[in-house]
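Asks: structural data only, the sequence is not supplied:
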(Lines give C-alpha, C1' and ligand atoms only; values in the text may rest on other atoms or scores of the structure.)
Protein backbone atom coordinates (compact mmCIF):
# COMPACT_ATOMS: atom_id res chain seq x y z
CA UNK A 1 0.00 0.00 0.00
CA UNK A 2 1.28 3.44 -0.87
CA UNK A 3 1.47 6.37 1.50
CA UNK A 4 -1.04 8.26 -0.64
CA UNK A 5 -3.57 5.45 0.00
CA UNK A 6 -3.29 5.92 3.76
CA UNK A 7 -3.72 9.67 3.32
CA UNK A 8 -6.79 9.13 1.16
CA UNK A 9 -8.27 6.92 3.88
CA UNK A 10 -7.66 9.57 6.52
CA UNK A 11 -9.24 12.23 4.33
CA UNK A 12 -12.31 10.12 3.69
CA UNK A 13 -12.88 10.24 7.45
CA UNK A 14 -11.82 13.85 7.98
CA UNK A 15 -11.95 15.72 4.64
CA UNK A 16 -9.66 18.72 4.39
CA UNK A 17 -12.55 21.15 3.60
CA UNK A 18 -13.70 20.64 7.20
CA UNK A 19 -10.66 22.49 8.54
CA UNK A 20 -10.80 26.06 9.82
CA UNK A 21 -9.55 28.89 7.60
CA UNK A 22 -6.43 29.51 9.73
CA UNK A 23 -5.35 25.87 9.66
CA UNK A 24 -2.85 23.97 7.53
CA UNK A 25 -3.97 20.37 7.84
CA UNK A 26 -2.93 17.84 5.20
CA UNK A 27 0.40 16.83 3.72
CA UNK A 28 3.24 18.71 5.41
CA UNK A 29 6.23 17.31 3.54
CA UNK A 30 7.41 14.22 1.68
CA UNK A 31 6.61 12.13 -1.39
CA UNK A 32 3.49 10.01 -1.18
CA UNK A 33 4.08 7.55 -4.04
CA UNK A 34 6.38 5.43 -1.85
CA UNK A 35 5.16 2.17 -0.33
CA UNK A 36 4.35 2.72 3.33
CA UNK A 37 6.68 0.79 5.63
CA UNK A 38 5.02 1.77 8.89
CA UNK A 39 3.12 4.61 10.53
CA UNK A 40 3.99 6.52 13.69
CA UNK A 41 1.13 8.41 15.37
CA UNK A 42 1.63 11.55 17.45
CA UNK A 43 0.06 14.82 18.52
CA UNK A 44 3.08 17.00 17.76
CA UNK A 45 6.01 16.60 15.38
CA UNK A 46 9.37 16.97 17.13
CA UNK A 47 12.90 15.83 16.40
CA UNK A 48 12.52 13.06 18.99
CA UNK A 49 9.37 11.80 17.27
CA UNK A 50 11.07 11.75 13.88
CA UNK A 51 14.07 9.90 15.36
CA UNK A 52 11.64 7.36 16.76
CA UNK A 53 10.03 6.94 13.33
CA UNK A 54 13.42 6.25 11.73
CA UNK A 55 14.32 3.73 14.44
CA UNK A 56 11.00 1.92 14.00
CA UNK A 57 11.35 1.81 10.22
CA UNK A 58 8.31 4.02 9.65
CA UNK A 59 8.27 6.36 6.66
CA UNK A 60 4.93 8.00 7.52
CA UNK A 61 4.31 10.19 10.57
CA UNK A 62 0.69 11.17 11.21
CA UNK A 63 0.21 14.04 13.65
CA UNK A 64 -2.74 15.99 14.97
CA UNK A 65 -1.01 19.38 15.10
CA UNK A 66 0.50 20.46 11.77
CA UNK A 67 4.25 20.91 11.64
CA UNK A 68 3.82 23.82 9.22
CA UNK A 69 1.39 26.54 10.24
CA UNK A 70 3.22 29.29 8.37
CA UNK A 71 5.41 29.45 5.30
CA UNK A 72 9.17 29.03 5.69
CA UNK A 73 11.56 31.60 4.23
CA UNK A 74 14.52 29.36 4.89
CA UNK A 75 15.28 25.84 6.08
CA UNK A 76 18.20 25.87 8.51
CA UNK A 77 18.72 24.75 12.10
CA UNK A 78 17.33 27.94 13.63
CA UNK A 79 13.95 26.57 14.73
CA UNK A 80 12.29 23.30 15.68
CA UNK A 81 10.13 23.40 12.54
CA UNK A 82 13.10 23.95 10.22
CA UNK A 83 15.10 21.16 11.89
CA UNK A 84 12.17 18.77 11.57
CA UNK A 85 11.74 19.58 7.87
CA UNK A 86 15.44 18.96 7.24
CA UNK A 87 15.30 15.70 9.16
CA UNK A 88 12.18 14.49 7.35
CA UNK A 89 13.73 15.20 3.95
CA UNK A 90 17.02 13.55 4.93
CA UNK A 91 15.28 10.34 5.99
CA UNK A 92 12.55 10.30 3.32
CA UNK A 93 9.80 10.71 5.90
CA UNK A 94 6.31 11.84 4.98
CA UNK A 95 4.52 13.99 7.55
CA UNK A 96 0.75 14.27 7.39
CA UNK A 97 -1.50 16.17 9.81
CA UNK A 98 -5.23 16.01 10.50
CA UNK A 99 -6.06 18.94 12.77
CA UNK A 100 -9.26 21.02 12.83
CA UNK A 101 -10.70 18.83 10.07
CA UNK A 102 -10.49 15.96 12.58
CA UNK A 103 -11.88 18.20 15.35
CA UNK A 104 -14.86 19.07 13.16
CA UNK A 105 -15.49 15.58 11.78
CA UNK A 106 -18.28 13.32 12.95
CA UNK A 107 -16.78 10.77 15.37
CA UNK A 108 -13.65 12.93 15.50
CA UNK A 109 -11.72 14.36 18.43
CA UNK A 110 -14.65 15.77 20.38
CA UNK A 111 -16.71 12.62 19.95
CA UNK A 112 -13.78 10.56 21.29
CA UNK A 113 -13.55 12.86 24.32
CA UNK A 114 -17.28 12.38 24.91
CA UNK A 115 -16.84 8.62 24.66
CA UNK A 116 -14.10 8.68 27.31
CA UNK A 117 -16.44 10.56 29.65
CA UNK A 118 -19.22 8.02 29.08
CA UNK A 119 -21.58 10.55 27.47
CA UNK A 120 -24.60 9.37 25.49
CA UNK A 121 -26.79 10.96 22.79
CA UNK A 122 -23.81 12.98 21.57
CA UNK A 123 -24.41 15.58 18.86
CA UNK A 124 -22.51 18.52 17.42
CA UNK A 125 -22.90 21.66 19.51
CA UNK A 126 -22.77 23.84 16.38
CA UNK A 127 -23.61 21.54 13.45
CA UNK A 128 -23.18 22.33 9.79
CA UNK A 129 -23.12 20.55 6.44
CA UNK A 130 -20.06 20.77 4.20
CA UNK A 131 -20.17 20.22 0.44
CA UNK A 132 -17.06 18.37 -0.73
CA UNK A 133 -15.43 18.67 -4.18
CA UNK A 134 -16.38 15.05 -4.93
CA UNK A 135 -20.08 15.87 -4.52
CA UNK A 136 -20.48 14.38 -1.05
CA UNK A 137 -22.27 16.27 1.68
CA UNK A 138 -20.96 15.50 5.15
CA UNK A 139 -22.00 16.49 8.63
CA UNK A 140 -19.48 18.56 10.56
CA UNK A 141 -19.45 20.92 13.49
CA UNK A 142 -17.70 22.64 16.36
CA UNK A 143 -17.82 21.04 19.80
CA UNK A 144 -20.30 18.42 20.97
CA UNK A 145 -23.08 18.13 23.52
CA UNK A 146 -23.85 14.88 25.32
CA UNK A 147 -25.37 13.55 28.52
CA UNK A 148 -24.22 11.51 31.47
CA UNK A 149 -26.43 8.42 31.90
CA UNK A 150 -27.33 9.76 35.35
CA UNK A 151 -26.91 13.21 36.86
CA UNK A 152 -24.12 13.62 39.39
CA UNK A 153 -22.89 16.43 41.59
CA UNK A 154 -20.26 18.75 40.19
CA UNK A 155 -17.42 17.36 42.29
CA UNK A 156 -18.13 13.83 41.07
CA UNK A 157 -18.17 15.14 37.50
CA UNK A 158 -14.79 16.85 37.93
CA UNK A 159 -13.36 13.66 39.41
CA UNK A 160 -14.76 11.77 36.41
CA UNK A 161 -12.88 14.13 34.09
CA UNK A 162 -9.61 13.70 36.01
CA UNK A 163 -9.92 9.92 35.87
CA UNK A 164 -10.94 9.71 32.22
CA UNK A 165 -8.10 11.92 31.01
CA UNK A 166 -5.47 10.94 33.61
CA UNK A 167 -4.69 14.54 34.52
CA UNK A 168 -2.56 15.60 37.48
CA UNK A 169 -4.45 18.84 37.97
CA UNK A 170 -7.78 20.14 36.71
CA UNK A 171 -8.73 23.81 36.54
CA UNK A 172 -12.36 24.61 37.35
CA UNK A 173 -14.58 27.44 38.52
CA UNK A 174 -16.54 27.23 41.82
CA UNK A 175 -18.55 24.04 42.19
CA UNK A 176 -21.96 24.29 40.62
CA UNK A 177 -24.74 24.00 43.18
CA UNK A 178 -26.91 21.76 41.05
CA UNK A 179 -26.48 18.33 39.42
CA UNK A 180 -24.49 17.93 36.21
CA UNK A 181 -25.91 15.82 33.40
CA UNK A 182 -25.62 17.71 30.09
CA UNK A 183 -22.01 18.30 29.10
CA UNK A 184 -20.65 20.42 26.25
CA UNK A 185 -17.02 20.01 25.30
CA UNK A 186 -14.41 21.12 22.80
CA UNK A 187 -10.87 19.77 22.64
CA UNK A 188 -7.82 22.02 22.46
CA UNK A 189 -8.25 25.77 22.80
CA UNK A 190 -12.04 25.73 22.96
CA UNK A 191 -13.10 28.73 25.03
CA UNK A 192 -14.74 30.19 21.90
CA UNK A 193 -17.45 27.54 22.44
CA UNK A 194 -18.38 28.59 25.99
CA UNK A 195 -21.26 30.87 24.93
CA UNK A 196 -22.65 28.12 22.69
CA UNK A 197 -22.53 25.71 25.63
CA UNK A 198 -24.43 28.18 27.80
CA UNK A 199 -26.98 28.80 25.04
CA UNK A 200 -27.51 25.03 24.83
CA UNK A 201 -28.27 24.96 28.59
CA UNK A 202 -25.36 22.63 29.25
CA UNK A 203 -24.64 22.00 32.92
CA UNK A 204 -20.89 21.76 32.30
CA UNK A 205 -18.32 22.80 29.74
CA UNK A 206 -15.02 20.99 29.26
CA UNK A 207 -12.10 22.15 27.14
CA UNK A 208 -8.33 22.11 26.94
CA UNK A 209 -7.52 25.82 27.27
CA UNK A 210 -9.33 28.99 28.34
CA UNK A 211 -8.21 32.60 28.47
CA UNK A 212 -8.33 34.06 31.97
CA UNK A 213 -11.00 36.70 31.40
CA UNK A 214 -13.39 34.22 29.79
CA UNK A 215 -13.79 32.51 33.16
CA UNK A 216 -15.48 35.48 34.83
CA UNK A 217 -19.21 35.77 35.40
CA UNK A 218 -20.30 32.14 35.06
CA UNK A 219 -20.02 30.96 38.67
CA UNK A 220 -23.68 29.92 39.02
CA UNK A 221 -24.34 29.41 35.34
CA UNK A 222 -22.22 26.47 34.20
CA UNK A 223 -19.51 24.21 35.58
CA UNK A 224 -16.27 24.91 33.70
CA UNK A 225 -13.41 22.43 33.61
CA UNK A 226 -10.11 22.94 31.78
CA UNK A 227 -7.79 19.96 31.61
CA UNK A 228 -4.90 21.05 29.36
CA UNK A 229 -4.53 21.24 25.58
CA UNK A 230 -2.41 18.11 25.20
CA UNK A 231 -4.52 16.16 27.69
CA UNK A 232 -7.76 17.00 25.89
CA UNK A 233 -6.44 15.68 22.57
CA UNK A 234 -4.39 12.73 23.78
CA UNK A 235 -6.87 10.16 22.42
CA UNK A 236 -6.58 11.52 18.87
CA UNK A 237 -4.03 8.81 18.17
CA UNK A 238 -6.71 6.20 18.85
CA UNK A 239 -8.81 7.68 16.05
CA UNK A 240 -5.86 7.57 13.63
CA UNK A 241 -5.17 3.96 14.59
CA UNK A 242 -8.80 2.90 14.10
CA UNK A 243 -8.93 4.48 10.63
CA UNK A 244 -5.62 3.05 9.43
CA UNK A 245 -6.05 -0.43 10.85
CA UNK A 246 -9.46 -0.81 9.22
CA UNK A 247 -7.89 0.00 5.84
CA UNK A 248 -4.59 -1.84 6.32
CA UNK A 249 -4.85 -4.36 9.18
CA UNK A 250 -1.37 -5.80 8.61
CA UNK A 251 0.46 -2.47 8.41
CA UNK A 252 2.77 -1.70 11.37
CA UNK A 253 1.21 1.22 13.28
CA UNK A 254 2.83 2.65 16.41
CA UNK A 255 1.90 5.26 19.01
CA UNK A 256 4.84 7.48 19.81
CA UNK A 257 6.43 6.89 23.18
CA UNK A 258 7.62 10.50 23.20
CA UNK A 259 5.54 12.82 25.37
CA UNK A 260 5.43 15.99 23.31
CA UNK A 261 3.50 18.00 25.90
CA UNK A 262 5.72 21.07 26.53
CA UNK A 263 3.86 21.92 29.77
CA UNK A 264 4.93 20.30 33.02
CA UNK A 265 3.20 20.55 36.39
CA UNK A 266 5.30 20.72 39.54
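Replies: Here it is on my side, so go on. On a predicted model such as this, the values are computed, not experimentally measured, just so you know.
Asks: how far away is residue 114 from residue 99?
Replies: Using C-beta to C-beta, to the nearest Å, one obtains 19 Å as the distance from residue 114 to residue 99. All C-beta spots, glycine's among them, are computed from the backbone N, C-alpha and C.
Asks: so the chain: which segments form each domain?
Replies: In terms of domains, the chain is parsed into 3-99+234-255, 103-232 (source: automatic domain parsing).
Asks: so how far does the shortest one reach from one end to the other?
Replies: It refers to domain 3-99+234-255. Domain 3-99+234-255 has an end-to-end distance of 18 Å (C-alpha to C-alpha, to the nearest Å).
Asks: same question for that domain, mean pLDDT?
Replies: Averaged over domain 3-99+234-255, pLDDT sits at 97.
Asks: how far out from the middle of the chain is that domain?
Replies: 14 Å (C-alpha atoms, centre = their mean, to the nearest Å).
Asks: equivalent analysis for the last one, please.
Replies: Domain 103-232 has its average C-alpha position 13 Å from the chain's average C-alpha position, going by C-alpha atoms, centre = their mean.
Asks: now residue 35, which residues is it bridged with?
Replies: Taking DSSP bridges as the rule, residue 35 bridges to residue 2.
Asks: wait, it touches residue 4, no?
Replies: No: the pair formed by residue 35 and residue 4 falls short of the contact definition of C-beta atoms under 8 Å, at 10.3 Å.
Asks: phi, psi for residue 70 please.
Replies: The phi/psi pair for residue 70 (degrees, to the nearest 10) reads phi -130, psi 160.
Asks: could you pull out the strands for the chain?
Replies: Secondary structure of the chain (DSSP state E): strands located at 26-29, 39-42, 60-63, 94-97, 120-131, 137-152, 171-172, 180-189, 204-209, 223-226, 253-255.
Asks: list the helices and strands the third one packs on?
Replies: Packed against strand 60-63 by the contact rule (3 or more C-beta pairs under 8 Å, 6 or more residues apart in numbering; DSSP states H and E) you find helix 3-13, strand 39-42, helix 47-56, strand 94-97.
Asks: can you tell which of the ones you listed is closest to residue 147?
Replies: helix 3-13 (25.1 Å; C-beta to C-beta).
Asks: now for the closest one, which elements pack on it?
Replies: Checked by 3+ C-beta pairs under 8 Å, 6+ apart, helix 3-13 has strand 60-63, strand 94-97, helix 236-247 packed alongside it.
Asks: thank you, goodbye.
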